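1. coordinates only, no sequence provided:
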């Protein structure tokens, strides 16, 4: 029975392929935003017109690149957990040595916190003239996610598991 159900794991190829495509799409978006930011720098410097704040475009590009990395890590993690039959040591960096869903969850959590931090800074800097108390929601979310990540990293050590 077990062997007959094991073929279902190959359905995760769809997850891997579409997340890899999503990663490539966000990579292209990041390149587009970077080029747009560089053009804004050149236009602002060359024509002596008002500074168009190209840093916002470059920060948005960084955000797109980080999202691209998160999609690729997810695709790679799902592939490694469900589809990779090779149990030998690989030549991957230690941080990308995903052996379980918990490893993948922590790696994605770290990436999402960093991405949200960049997004939060981009939103705040982009609307610096109109700051209100509502702008504290995103930093609070980033703070809570970071505290949760730290506690999750400390918890196994406190129990003597890590």
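-> Perfect, I can see it now. A quick note: this is a predicted structure, and the numbers were derived from the prediction, not measured.
2. tell me which residues in the helix or strand that residue 124 is a member of are buried?
-> Following DSSP states H and E, one finds residue 124 within helix 101-126. Buried residues in helix 101-126, counted by 16 or more other CB atoms under 10 Å: 103-104, 107-123. No exception for glycine: its C-beta is placed from N, CA and C like everyone else's.
3. what about the strands in the protein?
-> For the chain, strands defined by DSSP state E do not occur.
4. how many residues are close by the nearest residue to residue 113 once chain neighbours are set aside?
-> Using CB to CB, 6 or more residues apart in numbering and skipping residues adjacent in sequence, the residue nearest residue 113 is residue 145, 5.1 Å away. Per other CB atoms under 10 Å, the neighbour tally for residue 145 reads 16.
5. ok, and the closest non-adjacent residue to the residue nearest the centre of the chain?
-> Most central in the chain under CA atoms, centre = their mean is residue 70, positioned 3.5 Å from the mean C-alpha point. In this structure, residue 70 finds its nearest non-sequential neighbour in residue 111, 4.4 Å apart by CB to CB, 6+ apart.
6. contacts only, for the one you found.
-> 66, 69, 70, 73 (CB atoms under 8 Å, 6 or more residues apart in numbering).
7. how much space between the second one and residue 76?
-> Counting by CB to CB, to the nearest Å, the gap between residue 69 and residue 76 amounts to 10 Å.
8. who's more crowded, the two?
-> Between residue 69 and residue 76, counted using other CB under 10 Å, the more crowded position is residue 76 (20 against 17).
9. give me the neighbour count for the residue nearest to residue 40 when sequence neighbours are not counted.
-> Take residue 40 and drop its neighbours on the chain: the residue closest to it by CB to CB, 6+ apart is residue 54, 3.7 Å away. Residue 54: 19 surrounding residues under other CB under 10 Å.
10. residues contacting residue 54?
-> Per CB under 8 Å, 6+ apart, neighbours of residue 54: 37, 38, 40, 41, 44.
11. 7 Å - rerun?
-> By CB atoms under 7 Å, 6 or more residues apart in numbering, the contact list for residue 54 reads 37, 40, 41, 44.
12. could you do residue 112 as well?
-> Going by CB under 7 Å, 6+ apart, the list of residues near residue 112 reads residue 70.
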